[in-house]
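[1] after the sequence you'll find the predicted model.
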Amino acid sequence: MALCIVQLGSDRSPDEGLRIGTVRRPPRGVPKTEFASRNYYDCWLPELSPEAELMAQAQESVKRRAAGQTTEADTLWKLFEKQFRKQLAEPATDRTLGLLAALSHSSAFSLGCYCDDEAHCHRSILRSLLVDKGASIKNQG
């Protein structure tokens, strides 16, 4: 058993288990009754997503990277990561991460976000924090 980190909306692997969305907003234009059948998520845990202001900062970092402004993008990303880690260090959220890390040793489930590139997505930070808490994480691929 292990935890998978996934892109929401992507095909599910056979042993992925329950898919948990760690996004602030549900997918646009998709009826609630179809979230699971369209491979978005079975359960929603927005507490593990960046607050709106932080999300805007992360998106700006991605835009600058695409425009070739890597220095500015890296600076914005580092600030985003610092602030998001602070958000996730709040006691209730930290306990949730601890619970997920513990469950990863006896249950198959996945956490995900919509972003194409995990390296520039908050799920990379979730992965790091879960590893730090001893989670069993299955490598994709």
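    Looks like it came in fine.
[2] and the strands in this structure?
    Assigned by DSSP state E, the strands in the chain fall at 3-7, 18-21, 43-44, 109-113.
[3] save those as TSV, and put in distance to residue 54, mean neighbour count and mean pLDDT too.
    Heads up, the C-betas are built off the backbone N, CA and C, glycines and all. Formatted as TSV, those follow (distance: least, Cβ to Cβ, whole Å; neighbours: other Cβ atoms under 10 Å; pLDDT from 0 to 100):
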stretch	distance to residue 54	mean neighbour count	mean pLDDT
strand 3-7	19	21	96
strand 18-21	17	20	98
strand 43-44	18	14	97
strand 109-113	13	23	97
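[4] how about those, which one is nearest residue 98?
    If you check each of these against residue 98 by Cβ to Cβ, strand 3-7 wins as the nearest, at 12.9 Å.
[5] neighbouring contacts of the closest one?
    Residues from elsewhere that reach strand 3-7 (Cβ atoms under 8 Å, 6 or more residues apart in numbering): 12-13, 16-17, 19, 100-101, 103-104, 108-116, 118, 123, 126-127, 130, 135-138, 140.
[6] name the helix or strand of the chain that has the lowest mean pLDDT.
    For the chain, using mean pLDDT, DSSP states H and E, the weakest element among its helices and strands is helix 52-66, scoring a mean of 93.
[7] still on that earlier bit, which among the contacts of strand 3-7 end up buried?
    Applying 16 or more other Cβ atoms under 10 Å to the contacts of strand 3-7, the neighbour count classes 16-17, 19, 100-101, 103-104, 108-115, 118, 123, 126-127, 130, 135-138 as buried.
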